[in-house]
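Novice: Can you look at this prediction? I've put the sequence above it.
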Protein chains: 2
Amino acid sequence: MSPPRPRQSKFKDVADSLREKIRSGALAPGEQLPSTKHLALAHGVSEETIRLVVKELKDSGDVVAAWGKGVFVRRPRQLVTREPQFRYPWEKARARLSEKERATSGVSEYDTGRPRDHFDFPASYHQIEADAALAARFSTQQGTALLQRLYRTTVRDEDHPIALIKSYLLYEMASQNPELLDETREPWPGGTMHQLWTVGVEIDRIVDEVATRAPTPEEADALGLATHMAVFVLEKTSFSTQDTVVEYSEVVLPGDRTRLRYTVQLERWAEE
Amino acid sequence: MSPPRPRQSKFKDVADSLREKIRSGALAPGEQLPSTKHLALAHGVSEETIRLVVKELKDSGDVVAAWGKGVFVRRPRQLVTREPQFRYPWEKARARLSEKERATSGVSEYDTGRPRDHFDFPASYHQIEADAALAARFSTQQGTALLQRLYRTTVRDEDHPIALIKSYLLYEMASQNPELLDETREPWPGGTMHQLWTVGVEIDRIVDEVATRAPTPEEADALGLATHMAVFVLEKTSFSTQDTVVEYSEVVLPGDRTRLRYTVQLERWAEE
DNA sequence: GAGTGGTCTAGACCACTGT
DNA sequence: CAGTGGTCTAGACCACTCC
């Protein structure tokens, strides 16, 4: 299973050497690597071996290849810290402000500190039937009608969104306010918290479940990730004050630029 | 950058076909794949191409190769859900129990539900000097003496630990109780919360910062991960009731078997 | 021994970018 | 056109397993 060779493989020698140069900054971000031919000669290996090493570096996100031009060191991206314990209460407080106040900003501005007009929020709505997993989330029957809403939070001057979101509402609940079924009303000032309020729902708590995995090819493409960079999958379940699940969403976040922060406050020990 | 070919590459054809068979269960966990030769003939491609596809499946964790024997579908591992908002308060409450009570169980049992004697807790202590990053965490000077403690939480009947932990204490603080400098006293009944209590420290809150990335080769090896499976990196900062940082640890968790769950409780809206 | 996976290469051929 | 990366193959050679 592990490398049976006593000595390092040539492949690994070259890969480690290049990675070292990149990590140390000897090859700076944006800089072009020597061509496949040069590298092959320099390391005394075949071009095919170089090709395989470069493929690995590409897939792991260290390097970006441009067709017919060359291979370049990837530039790191700006970090976005997502802090749900501040964000969710802030959203909830905003939901009952006037439309004018709600319109001034949204959660993406909250996360990134950029003004609202730097964002696009393409949204598309679909009526679907709950599969087993979704039905379990909502404690309902398989086949129950749900409103699926797809979003991608996009910064205008960037190439890739900072999140891919699938949000689900019970169709019956959402249809109590027909405007909630209309995707052209997005972006909705005040967001989901306000939308739910229009049908009489107040959120009591939100449960975040966080997993990590490799992106699907579609996710990697959409988020600008190499195929072997990780994503967070944040499964967010919102409970109403009646203790029922009123929204469930799956948020896919690019692992190279996202951090999550949660604070656990502890009770003081009683004096002895 | 993207595949320039109009048609799918043979590589991708074969990779997708095999992945499909695995994901759908047509090739069940533990089952052996046909040999390289067979696959090459069956798909009408060269053995080398098959080799590359199998390497990819191996690296992504779909498949495990056994030297001289064959290639087998990987068996999924049992999930461990880590819920800090329950775990940390539980640890804090336990820290002031009698030694006898503390000795009965620990956090790993809490996470996994397995009895204490199923675990090993190899620990090693080292005195180190804070680098820039660590100094910033503790709001202290670079070069300050720290006690670095390395743990790996291991289940006896499993091959791999469920976490790799690097924990840091201020050396000066820890040395107030010489027993805290002695790695042979691990596992310490009541854990770090009790250890800190012996030097007069009570924890007020803990901040978890979660990132995700590919494992280092060492981490992949230790945690039994394929090279392209993701890990969580949980940076855990403990603040004392005096609002100073008293412990900082980096916990590396295997992404294929770990979930994190956090609940955000919201305040009720005031009646209108 | 025969069967398995693993490393590496030479070289044919394709496709895009520049000048 | 020359220079770049990208796909694929045939085949030599190595190392481990099981009989």
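Specialist: Done, it's in.
Novice: So if we follow the domain assignment, how does chain A break up?
Specialist: Domain segmentation of chain A under automatic domain parsing yields A:10-73, A:80-260.
Novice: for DNA strand D, what are the nearby residues on chain A?
Specialist: Applying CB under 7 Å from any atom of the strand, we find that chain A lies next to DNA strand D at A:4-6, A:33, A:35-38, A:48, A:51, A:54-55, A:58, A:65, A:67-71. In short, each C-beta sits where N, CA and C put it, glycine included.
Novice: Can you tell me the closest non-neighbouring residue to residue A:27?
Specialist: Nearest residue to residue A:27 in three dimensions, chain neighbours excluded: residue A:21, at 4.6 Å (CB to CB, 6 or more residues apart in numbering or on different chains).
Novice: Name the residues of the host helix or strand of that neighbour that come out as buried.
Specialist: Following DSSP states H and E, one finds residue A:21 within helix A:10-24. Under the neighbour-count criterion of 16 or more other CB atoms under 10 Å in any protein chain shown, helix A:10-24 has A:10, A:13, A:14, A:15, A:18, A:19, A:22 buried.
Novice: swap in stretch A:151-164?
Specialist: Here stretch A:151-164 shows A:151, A:152, A:153, A:154, A:155, A:160, A:161, A:162, A:163, A:164 as buried, counting by 16+ other CB under 10 Å.
Novice: Report the secondary structure state of the fourth one.
Specialist: Residue A:154 carries the three-state label strand when classified by DSSP: H, G, I helix; E, B strand; the rest coil.
Novice: who's it bridged to?
Specialist: Assessed by DSSP bridges, residue A:154 has beta-bridge partners residue A:120.
Novice: Give me the neighbour count for residue A:37.
Specialist: Using other CB atoms under 10 Å in any protein chain shown, residue A:37 has 10 other residues around it.
Novice: Is any residue of stretch A:65-83 near DNA strand C?
Specialist: Yes. Stretch A:65-83 is in contact with DNA strand C by CB under 7 Å from any atom of the strand, via A:66, A:67, A:68, A:69.
Novice: For those residues, could you give me TSV that also reports neighbour count?
Specialist: Shown next, in TSV, are those (neighbours: other CB atoms under 10 Å in any protein chain shown):
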residue	neighbour count
A:66	10
A:67	9
A:68	6
A:69	9
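Novice: Just these: which are in strands?
Specialist: Taking DSSP state E, the ones among those that sit in strands are residue A:66.
Novice: Any chance of a markdown table for the residues of stretch A:65-83 next to DNA strand C, columns pLDDT?
Specialist: A markdown table is the format used below for the residues of stretch A:65-83 next to DNA strand C (pLDDT from 0 to 100):
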| residue | pLDDT |
| --- | --- |
| A:66 | 92 |
| A:67 | 90 |
| A:68 | 89 |
| A:69 | 92 |
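Novice: Indicate the residue of the stretch 101-250 of chain A located nearest to chain B.
Specialist: Residue nearest to chain B within the stretch 101-250 of chain A: residue A:230 (3.4 Å; CB to the nearest CB).
Novice: residues contacting that residue?
Specialist: By CB atoms under 8 Å, 6 or more residues apart in numbering or on different chains, residue A:230 lies in contact with A:212, A:213, A:214, A:215, A:255, B:212, B:213, B:214, B:230, B:231, B:255.
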